[in-house]
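Asker: structure, please.
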Amino acid sequence: MSEHLAIDLGASSGRVIIGSTHQGRLEIETVHRFENGPVRMGNALVWDTVKLWSDILQGLSIAAKQSGTIRSIGVDTWGVDYVLLDPDDQMLGQSYSHRDERTRGILDRAYQLVPKNEIFSATGVQFMEMNTGYQLLSQSLAHSPMIHGADALLMMGDFFHWLLTGKRSIEATNASTTQLLDPYTGTWALDLISRLGLPAKIFMPTIEPGTNLGPVQDWVGRATGLSGVPVIVPPTHDTASAIVAVPATDFSPVRPDWCYISSGTWSLMGCELPRPIINETVAALNFTNERGVMGSTRLLKNICGLWIFQQIRASMIRRGNAITWPQMVELAEAAPAHSLLLDPDSPDFTAPLDMVWAIEQYAVRTGQSVPASDGVVYRAALEGLALRYRHCLGSLESILRNRIETIHIVGGGAMNTLLCQMTADACDRIVIAGPVEATAIGNLLIQMCGLGLLQSVDEARAMVRASFSPVIYHPQRPERWVDAAKRFESL
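Answerer: Here you go, the predicted structure:
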């Protein structure tokens with residue numbers, strides 16, 4: 001028996017999960033669940049890091065009371081966002097949300113400093129205003145005292161590892177989301193950092209997943225009952241952790257016949273490869289090369305995932321309609337197909353004050369009918385995702401020059417049976433859905449690798465296959481999606 005703790009922080013919720021292994025199988029149990037989300041303070045959209053840390057401590061205490069044999073702890077989070085520390089280990093200001101408006105129009109400012117093609121050649125990362133490098137650039141151009149007084153940059157997972165251990169670190173998979181890391185070496189692209197006018201001193205050397213940071217701080221151990229338990233760094237970017245838990249049989253193939261969708265608030269769709277692919281096709285399609293485990297590369301596209309669906313529900317609740325997720329899916333399934341098409345990556349849906357209103361305005365702007373029922377709104381959010389996946393699949397195959405046969409969906413979106421079937425139909429591919437808690441599972445597996453309990457990703461994935469049963473979806477009448485796909489492309 002071996003027990004480990006995964007602290008899994010998503011952009012909308014957090015969990016503390018115990019993973020227990022016995023005879024080659026892994027069982028997981030959520031011992032504490034809590035909400036997360038950006039908070040508006042003045043003109044800024046920020047993360048409530050104090051509340052998150054309080055929730056983490058509470059979850060660790062619950063886990064310690066439930067089990068006396070915890071062997072390690074690790075934290076994974078969403079990407080791109082960060083905390084700045086001063087020389088005295090004090091936070092400098094708030095941690096901004098990637099949805100904050102301060103980076104609007106920042107890409108053009110960046111291209112004035114460094115040509116776009118040179119940024120891509122140096123990093124292999126897709127261009128998004130929310131990337132860490134552009135968040136930092138926005139602070140620098142605004143002459144923010146925070147960035148110029150900073151002594152260290154910590155990505156969100158690194159920040160909580162620092163709170164746990166008192167040791168600064170920056171883990172490679174999440175560092176690669178900054179668009180400031182050399183994809184071949186895993187070291188910082190210092191020339192690019194200098195040309196963007198960012199202070200090089202804040203970028204520590206990166207560490208790899210599986211690194212042992214040492215035990216939790218004494219006061220953390222006393223407060224939680226976990227004295228002496230080591231922190232083993234997982235892939236701190238949640239997608240990198242989730243991909244470890246994909247129940248595939250080959251790690252980092254040269255010509256993969258499977259791809260993944262890590263499905264949550266964001267959808268990350270891509271392939272696992274042995275090395276980066278940086279060429280004109282990848283640049284034109286705006287794909288990204290992010291670091292994976294054991295030296296692998298995650299070639300992927302960021303897609304605005306279930307964010308729209310989640311925010312529709314929030315809008316409905318504000319209007320007095322306390323609808324549940326199953327009710328939304330049921331009404332979506334009953335609504336007419338393809339009556340309203342949404343591009344989930346449209347800026348209209350980045351951070352509107354009311355998502356339902358934003359969808360209605362989008363329909364008018366794109367020459368479509370305003371949704372006639374709530375079910376049409378719910379269905380449009382899911383169909384837009386399935387069509388975006390279809391488009392992304394075509395792009396992946398054009399980059400790899402081979403056919404993808406299977407799509408693995410992991411994460412919370414694997415529970416949405418309607419979306420999984422829509423994905424199989426829209427893409428005309430077999431979909432294998434699960435495990436749902438892939439991020440926490442991958443986190444736990446790499447902790448075990450760091451302790452020497454598992455020797456490879458293949459061995460870790462064998463444990464996933466032995467422990468969790470996926471749901472398989474076969475395409476049903478994919479020809480029904482052809483016309484919708486043509487209309488979607490016009491958007």
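Asker: following the lowest-mean-pLDDT helix or strand in the chain, which helix or strand comes up?
Answerer: Lowest on mean pLDDT, DSSP states H and E among the helices and strands of the chain sits helix 145-148, with a mean of 91. Reading on from helix 145-148 to the C-terminus, the next helix or strand found by DSSP states H and E is strand 152-155.
Asker: so how far is the biggest helix by length in the chain off the chain centroid?
Answerer: If you go by DSSP state H, the chain has its longest helix at helix 374-400. Taking Cα atoms, centre = their mean, to the nearest Å, one finds helix 374-400 lying 18 Å from the centre of the chain it belongs to.
Asker: pLDDT averaged over that helix - what is it?
Answerer: Averaging pLDDT along helix 374-400 gives 98.
Asker: return the set of buried residues in it.
Answerer: With burial defined by 16 or more other Cβ atoms under 10 Å, the residues of helix 374-400 counted as buried are 374-393, 395-396, 399-400. Using the backbone N, CA and C atoms, a C-beta is placed for each residue, glycine as well.
Asker: what's the answer for stretch 293-312, then?
Answerer: For stretch 293-312, a neighbour-count test (16+ other Cβ under 10 Å) marks 293-294, 296-312 as buried.
Asker: same check on stretch 453-465?
Answerer: 453-454, 457, 460-461, 463-464.
Asker: could you pull out the strands in the stretch 201-350 of the chain for me?
Answerer: 212-215, 230-232, 258-263, 267-273, 288-291, 297-303 (DSSP state E, counting those that start in this stretch).
Asker: can you lay out the ones you listed as a markdown table showing distance to D151?
Answerer: Listed next are those as a markdown table, based on distance: least, Cβ to Cβ, whole Å:
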| stretch | distance to D151 |
| --- | --- |
| strand 212-215 | 19 |
| strand 230-232 | 21 |
| strand 258-263 | 33 |
| strand 267-273 | 31 |
| strand 288-291 | 24 |
| strand 297-303 | 30 |
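Asker: nearest to I193, out of these?
Answerer: Closest to I193 of the strands of the stretch 201-350 of the chain is strand 288-291 (Cβ to Cβ; 17.1 Å).
Asker: what's the neighbour count on the closest residue to G434 other than its chain neighbours?
Answerer: Excluding its sequence neighbours, the residue lying closest to G434 (Cβ to Cβ, 6 or more residues apart in numbering) is P470, at 3.9 Å. Residues lying near P470 (other Cβ atoms under 10 Å) number 19.
Asker: what about the buried residues of stretch 453-465, which are in strands?
Answerer: Using DSSP state E, the subset of the buried residues of stretch 453-465 located in strands is empty.
Asker: and these, which is closest to A64?
Answerer: Nearest to A64 out of the buried residues of stretch 453-465 is L453 (Cβ to Cβ; 20.5 Å).
Asker: what sits against the closest one?
Answerer: 2, 21 (Cβ atoms under 8 Å, 6 or more residues apart in numbering).
Asker: with I18 instead?
Answerer: Shown in contact with I18 (Cβ under 8 Å, 6+ apart): 3-5, 28-29, 31, 63, 66-67, 70.
Asker: could you identify which of the residues you listed has the most neighbours?
Answerer: Neighbour counts for the contacts of I18 (other Cβ under 10 Å) peak at H4, which has 30 neighbours.
Asker: so which other helices or strands are in contact with the strand or helix carrying that one?
Answerer: Element membership of H4 [criterion: DSSP H and E] is strand 2-9. Counting contacts by 3 or more Cβ pairs under 8 Å, 6 or more residues apart in numbering; DSSP states H and E, the secondary-structure elements packed against strand 2-9 are strand 13-22, helix 49-66, strand 70-76, helix 156-165, helix 238-244, helix 438-450.
Asker: how far out from the middle of the chain is stretch 109-126?
Answerer: From the chain centre to the centre of stretch 109-126 is a distance of 22 Å (Cα atoms, centre = their mean).
Asker: in that stretch, which residues are buried?
Answerer: Buried residues in stretch 109-126, counting neighbours by 16+ other Cβ under 10 Å, are found at 110, 119-120, 122-126.
Asker: same thing with stretch 245-262?
Answerer: The neighbour-count check on stretch 245-262 (16+ other Cβ under 10 Å) flags 245-248, 251-252, 256, 258-262 as buried.
Asker: got those as JSON lines, with pLDDT and distance to T288 columns?
Answerer: Shown next, in JSON lines, are the buried residues of stretch 245-262 (pLDDT from 0 to 100; distance: Cβ to Cβ, whole Å):
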{"residue": "A245", "pLDDT": "97", "distance to T288": "20"}
{"residue": "V246", "pLDDT": "97", "distance to T288": "18"}
{"residue": "P247", "pLDDT": "97", "distance to T288": "24"}
{"residue": "A248", "pLDDT": "95", "distance to T288": "20"}
{"residue": "F251", "pLDDT": "91", "distance to T288": "20"}
{"residue": "S252", "pLDDT": "86", "distance to T288": "17"}
{"residue": "P256", "pLDDT": "95", "distance to T288": "16"}
{"residue": "W258", "pLDDT": "97", "distance to T288": "19"}
{"residue": "C259", "pLDDT": "97", "distance to T288": "14"}
{"residue": "Y260", "pLDDT": "98", "distance to T288": "14"}
{"residue": "I261", "pLDDT": "98", "distance to T288": "15"}
{"residue": "S262", "pLDDT": "95", "distance to T288": "13"}
